[in-house]
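Q: 3D model of this:
(3 chains)
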Amino acid sequence: QSSVTIYGVVDASLENIKGTDSVTRVSSDNLATSRVGFRGIEDLGGGLKGKFTLEAGLKTDTGAQDSAFWGRSAWLGLEGGFGEVRIGRQDSLIGSIAGNTNVLGAQPYDDLKIAGTFSGDTYRRVNNGITYFLPKFVDGLSLAAQYATRANGEEVADNDDGKAWGLSAQYLAGPFAIGAAYINVDRQTVPATPGVGASTDEGYLLFASYDFGAAKLTGYYESDDSEIVKAANQATYDKRNVYGIKVGVPIGANFNLSAGVSKVDGVNFTNDREATIVAVKGVYTLSKRTAVYGLFTNVDNDSPAGTAGLNVASVNGAGTGAVPVAGDKAGRGFAIGVRHSF
Amino acid sequence: QSSVTIYGVVDASLENIKGTDSVTRVSSDNLATSRVGFRGIEDLGGGLKGKFTLEAGLKTDTGAQDSAFWGRSAWLGLEGGFGEVRIGRQDSLIGSIAGNTNVLGAQPYDDLKIAGTFSGDTYRRVNNGITYFLPKFVDGLSLAAQYATRANGEEVADNDDGKAWGLSAQYLAGPFAIGAAYINVDRQTVPATPGVGASTDEGYLLFASYDFGAAKLTGYYESDDSEIVKAANQATYDKRNVYGIKVGVPIGANFNLSAGVSKVDGVNFTNDREATIVAVKGVYTLSKRTAVYGLFTNVDNDSPAGTAGLNVASVNGAGTGAVPVAGDKAGRGFAIGVRHSF
Amino acid sequence: QSSVTIYGVVDASLENIKGTDSVTRVSSDNLATSRVGFRGIEDLGGGLKGKFTLEAGLKTDTGAQDSAFWGRSAWLGLEGGFGEVRIGRQDSLIGSIAGNTNVLGAQPYDDLKIAGTFSGDTYRRVNNGITYFLPKFVDGLSLAAQYATRANGEEVADNDDGKAWGLSAQYLAGPFAIGAAYINVDRQTVPATPGVGASTDEGYLLFASYDFGAAKLTGYYESDDSEIVKAANQATYDKRNVYGIKVGVPIGANFNLSAGVSKVDGVNFTNDREATIVAVKGVYTLSKRTAVYGLFTNVDNDSPAGTAGLNVASVNGAGTGAVPVAGDKAGRGFAIGVRHSF
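A: Numbers count the residues shown, from 1 in each chain, chains lettered A, B, ... in the order given. Model prediction:
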């Protein structure tokens, strides 16, 4: 009826990442993010339930914690006939779809993380969030709405910086799934020129998948848009689009091989920004809880030579060690590892 | 006979705080401080017991940890016929009374926290503490003595800064309760002029309560005194007195409404410092472990206009976001939230 | 078959340490390092097992965490007929012998910690490690090999700084035990003059012990060597040798008294560095899980007067508070405390 459950993931791999230079290293979180969590659910009677999750990310290569210790989840919720309300630090609705590895995935070798999308990176989670999950009026249909009094950082008394809202809808019918999510973040100050003006970060993500049995096919599209107001009232834009396709093939009972290709294009201030990402992932499950895996991702950048290209987003425990690559060159990563869930 | 128990609290609320500016935000810890803890007790035979508690505070709005991760409790103790001795980071004796929400309370909407008292803020807990809880010679009588080799920060080899001692006594007899606690901290350096001279932080807290059944009435008084030695050998004082009264009324089996008014007066260097705090709190328990609540606190400052007034002490996860108010203006906060214990 | 186990140690003591000045304080970790850990083991069938450990050190005197939260252990492993492989943050092989209190010990009152050896201090653990524990071909024989892609800090793309490897062998036959370990760390930059040149940190540790029943006798030797490349291409050396002997005497069923003497000699840049360390330790076990203890360690320095001598290595939670002593003077510490395991 009520008790705390301890759960977690431990993931470690040996990887080689090549950019301008190459590095071979022990790394964390390449298949799944290492974490320890506490969660509980309490039956309050009359169909009402209390719930909470506290979840702490960590790096197995160094033992480092996340910058916000319970930054993966720190929320409590009430669930009943009216649906569910969660309050606290939690997944954004767009991030919830990107982070779901059964759908898309936002780990270091995945395109939505590599491209630095709102769903897979900037707004993967929100601070100060209130989410309302509607009851399932229609079988297979999940609807949710979210508001955050400040998505990143903390509320300041005299402005609306970081106020965010989002929506998501997902529909599952047997082998078929479709979903969409949207996020809108008010930006009173922007990194380039704080305090100069207001702008809006706005992004949406769509996906559809069909499981043919012999293979599961998924297609998706994300579009992010940030207006950057420069000092001389000169507005430029940071836009980013990712469109991709994935195919996952079960081989025998324990092995799953998936491959995807996606195209990133956009504008970063005055430069075009283009890349093609190819990712191959093989996961062999030793048990429900333990798997060994191999990952390969190639990022072929087609931006101007003097700019910074995209590369596999694996970072070390100390937050250093991203391997840079030039805007007109390819970067790639290869990892073999183990993931254990408890 | 022996095992570790995991326990905790998750508290989140939506609040509006008004000072010079106003802010509406998701906030943490307004009814109870969010935390995860590990505790255990071992029967060592012959009436002797070993005990420990490790307790970590956290913010549900951002997932942030406390600056000292296990800063709420990191102690071990031995209990026997002689009483109990605890060693490590723990409640101060004066803080233990202030922090007990059945008696007074030191959460962000409570006067002892808002006024920045020794009991509710500065010396709410002590580092490097050794506490002796005497055995209960008389039914209902609790006596304790505490020494800390340094209450805040860490011991330095060549001075006595932070050496602290305290005493507390509480007596309960049916509906009647009374208590007192004292703390004395040696200050070899003071914030204003480090190294200039020595001073002493000295505070005491008294309370008495009577539960009439239909209502519980509590009266209390705290007096804090810090001598600030200024550069030119000119001694001034930082004094603070809080006297208050509270009434708590159970309404039906699950709802408790309480209201309190308190007066803060003191001297901060050369200025008078005055405020009247009115706090109203309604807690509806959905179960033993889960409650929803509403809080309202108004702080009417009557200090000089150019000084900083007191306001509801709710802070954001990043430690920013306290809402300032002028010394001659009123500040106030309103919160509705959920608290879940596990 | 599979579940997470929570375990830990809580250790607190009152100590007096004397160097140039003297300090009496509440301290943590003097007999054993305070910690909370999560570990699990899963039977994967066919003799294969999955394992993990996440372990977080803490200070009971302040509630502070380690700088890397899970810095004591963050690894996962696979065990089978082939032996065991562990990947992640973990003990170095040389550190594993030093840290084993049944053999040597690397706590604040122990010589291998005080002398700042590779085994007891600098390379007590490694980041980014991959360890292979060979199966036990011969009864009582344990062999292991370790590689770390960077022992301290994090891998950088364009150099080999911190790449480390190590070996260890231990053999137990009834009352007799013998062991050895080696570590080799590539240093592309050195603290004194970063980036000037490459060097190698190289150390080894040997021990042998015999348990006569009435007493257990242990002898050991560690030699560490760091080449320090100075700015003007002038190479000097930081060398350190520790040779010691210990005797442990069980007195009755619950008390163990041990005493050791060791000699530290070496060269720190241009100065000789000499010290004699005498350590006495008494541990009275109240139960399997709880013990009270007394420690005394004297460090008699025989280095030049103007240099920094060695002293008992107890540090406070904030990382401050090591008590310095001159190179030609004696320092010493005395502690009484409690250690509880859960």
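Q: Alongside chain B, which residues does the stretch 51-200 of chain A contribute?
A: Contact residues, the stretch 51-200 of chain A versus chain B (Cβ under 8 Å from any Cβ of the partner chain): A:52, A:54, A:66, A:68-76, A:78, A:87-89, A:127-130, A:148-150, A:153-158. All C-beta atoms are positioned from the backbone trio N, CA, C, and that covers glycine.
Q: Please spell out the PyMOL selection for the buried subset of these.
A: In PyMOL, the members of these classed as buried (16 or more other Cβ atoms under 10 Å in any protein chain shown) are selected with the following command:
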select buried, chain A and resi 52+54+66+68+69+70+71+72+73+74+75+76+78+87+88+89+127+128+129+130+148+149+150+153+154+155+156+157
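Q: near chain C, which of the residues of the stretch 51-200 of chain A next to chain B show up?
A: A:Phe69.
Q: Just the residues of the stretch 51-200 of chain A next to chain B: which are in helices?
A: Counting by DSSP state H, these place none of their members in helices.
Q: Which ones among the residues of the stretch 51-200 of chain A next to chain B map onto strands?
A: A:52, A:54, A:73-76, A:78, A:87-89, A:127-130, A:148 (DSSP state E).
Q: Quick check: the farthest pair among those?
A: Within those, A:Leu78 and A:Asn127 form the most distant pair, 20.0 Å apart (Cβ to Cβ).
Q: Look up how far A:Ala177 lies from A:Val103.
A: As judged by Cβ to Cβ, to the nearest Å, A:Val103 and A:Ala177 stand 7 Å apart.
Q: ugh, wrong one, I meant A:Asp160
A: 35 Å.
Q: Kindly report the same for A:Gly116.
A: Where A:Ala177 is concerned, A:Gly116 sits at a distance of 25 Å (Cβ to Cβ).
Q: For the residue of the stretch 201-342 of chain A found nearest chain B, which residues are in contact?
A: Residue of the stretch 201-342 of chain A nearest chain B, by Cβ to the nearest Cβ: A:Phe342 (14.6 Å). When contacts are counted by Cβ atoms under 8 Å, 6 or more residues apart in numbering or on different chains, A:Phe342 touches A:6-10, A:289, C:2-4, C:38, C:40, C:42, C:52.
Q: One more: A:Gln90?
A: Contacts of A:Gln90 (Cβ under 8 Å, 6+ apart): A:73-75, A:125-126, A:129, A:131.
Q: would you list these in TSV and tack on pLDDT?
A: Below are these laid out as TSV (pLDDT from 0 to 100):
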residue	pLDDT
A:Ser73	97
A:Ala74	97
A:Trp75	98
A:Arg125	97
A:Val126	97
A:Gly129	97
A:Thr131	98
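Q: State the pair within the residues you listed that is farthest apart.
A: Maximum distance among the contacts of A:Gln90 (Cβ to Cβ): 13.3 Å, for A:Ala74 and A:Thr131.
Q: which residues in the stretch 101-250 of chain A form strands?
A: For the stretch 101-250 of chain A, the strands defined by DSSP state E, counting those that start in this stretch occupy A:125-133, A:141-148, A:164-173, A:176-187, A:199-211, A:216-229, A:235-251.
Q: quick one: low-confidence parts of the stretch 1-150 of chain A?
A: Scanning the stretch 1-150 of chain A with the threshold set as pLDDT under 70 gives A:1-2.
Q: right, so the strands of the stretch 101-250 of chain A: which one is the most enclosed?
A: A comparison of the strands of the stretch 101-250 of chain A by mean neighbour count, using mean count of other Cβ atoms under 10 Å in any protein chain shown, puts strand A:125-133 on top with a mean of 24.
Q: same for that strand, what does it pack against?
A: On a contact count with 3 or more Cβ pairs under 8 Å, 6 or more residues apart in numbering or on different chains; DSSP states H and E, strand A:125-133 meets strand A:83-91, helix A:93-99, strand A:141-148, strand B:22-28.
Q: neighbouring contacts of that strand?
A: Residues from elsewhere that reach strand A:125-133 (Cβ under 8 Å, 6+ apart): A:71-72, A:75, A:83-93, A:95, A:142-155, A:162, A:164, B:14, B:25-26, B:61-63, B:317.
Q: could you redo the last one with a cut-off of 6 Å?
A: A:83-87, A:89-92, A:95, A:144-151, B:26, B:61-62 (Cβ atoms under 6 Å, 6 or more residues apart in numbering or on different chains).
Q: dump the residue contacts of A:Leu206.
A: A:Leu206 makes contact with A:180, A:221, according to Cβ under 6 Å, 6+ apart.
Q: let's go with 8 Å and repeat that
A: Going by Cβ under 8 Å, 6+ apart, A:Leu206 touches A:179-180, A:220-222.
Q: okay if I get these as CSV plus pLDDT?
A: Shown next, in CSV, are those (pLDDT from 0 to 100):
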residue, pLDDT
A:Gly179, 97
A:Ala180, 98
A:Tyr220, 98
A:Tyr221, 98
A:Glu222, 97
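Q: Adding distance to B:Ser258, write those out as a markdown table.
A: Formatted as a markdown table, the contacts of A:Leu206 follow (distance: Cβ to Cβ, whole Å):
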| residue | distance to B:Ser258 |
| --- | --- |
| A:Gly179 | 46 |
| A:Ala180 | 47 |
| A:Tyr220 | 53 |
| A:Tyr221 | 54 |
| A:Glu222 | 50 |
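Q: ok, so of the contacts of A:Gln90, who is nearest chain B?
A: Nearest member of those to chain B, counting by Cβ to the nearest Cβ, is A:Ala74, at 4.0 Å.
Q: List the residues that contact that closest one.
A: Listed by Cβ under 8 Å, 6+ apart, the contact partners of A:Ala74 are A:53-55, A:88-90, B:10, B:34, B:58-63.
Q: Output the set of residues of the stretch 1-150 of chain A in proximity to chain C.
A: Close to chain C, as judged by Cβ under 8 Å from any Cβ, the stretch 1-150 of chain A has residues A:6-8, A:10-14, A:17, A:19-26, A:28, A:34, A:36, A:58-65, A:69.
Q: Now a ChimeraX select for only the buried ones of the residues you listed.
A: In ChimeraX syntax, the buried subset of the residues of the stretch 1-150 of chain A next to chain C is picked out as below (16+ other Cβ under 10 Å):
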select /A:6,8,10,11,12,13,14,17,19,23,25,26,28,34,36,58,59,60,61,62,63,64,65,69
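Q: pretty sure A:Ser223 is touching A:Arg240, no?
A: Yes - in this structure A:Ser223 lies within contact range of A:Arg240 using Cβ atoms under 8 Å: 7.4 Å.
Q: Pick out the residue of the stretch 151-300 of chain A closest to chain C.
A: For the stretch 151-300 of chain A, Cβ to the nearest Cβ, closest residue to chain C: A:Thr290, 4.3 Å.
Q: How many residues are close by that residue?
A: When neighbours are counted by other Cβ atoms under 10 Å in any protein chain shown, A:Thr290 registers 24.
Q: Low-confidence stretches in the stretch 151-300 of chain A?
A: By pLDDT under 70, the low-scoring segments of the stretch 151-300 of chain A are A:189-198, A:228-237, A:269-270.
Q: mind running it again at 50?
A: Within the stretch 151-300 of chain A, the stretches with pLDDT under 50 are A:190-196.
Q: which bits of it sit near chain C?
A: With the criterion set to Cβ under 8 Å from any Cβ, the stretch 151-300 of chain A comes near chain C through A:286-287, A:289-290.
Q: Now the spatially most central residue of chain A. Nearest residue, chain neighbours left out?
A: In chain A, the centroid-proximal residue (Cα atoms, centre = their mean) is A:Gly120; its distance is 2.9 Å. Spatial nearest neighbour of A:Gly120, chain neighbours left out: A:Leu112 (3.2 Å); criterion: Cβ to Cβ, 6 or more residues apart in numbering or on different chains.
Q: Please give me every residue in contact with that neighbour.
A: Applying Cβ under 8 Å, 6+ apart to A:Leu112 gives the contacts A:98, A:104-106, A:119-121, A:222, A:242.
Q: again, only this time at 10 Å
A: Listed by Cβ atoms under 10 Å, 6 or more residues apart in numbering or on different chains, the contact set of A:Leu112 reads A:94-95, A:97-99, A:104-106, A:118-121, A:124, A:205, A:220, A:222, A:242, A:244, A:262, A:264, A:277, A:313.
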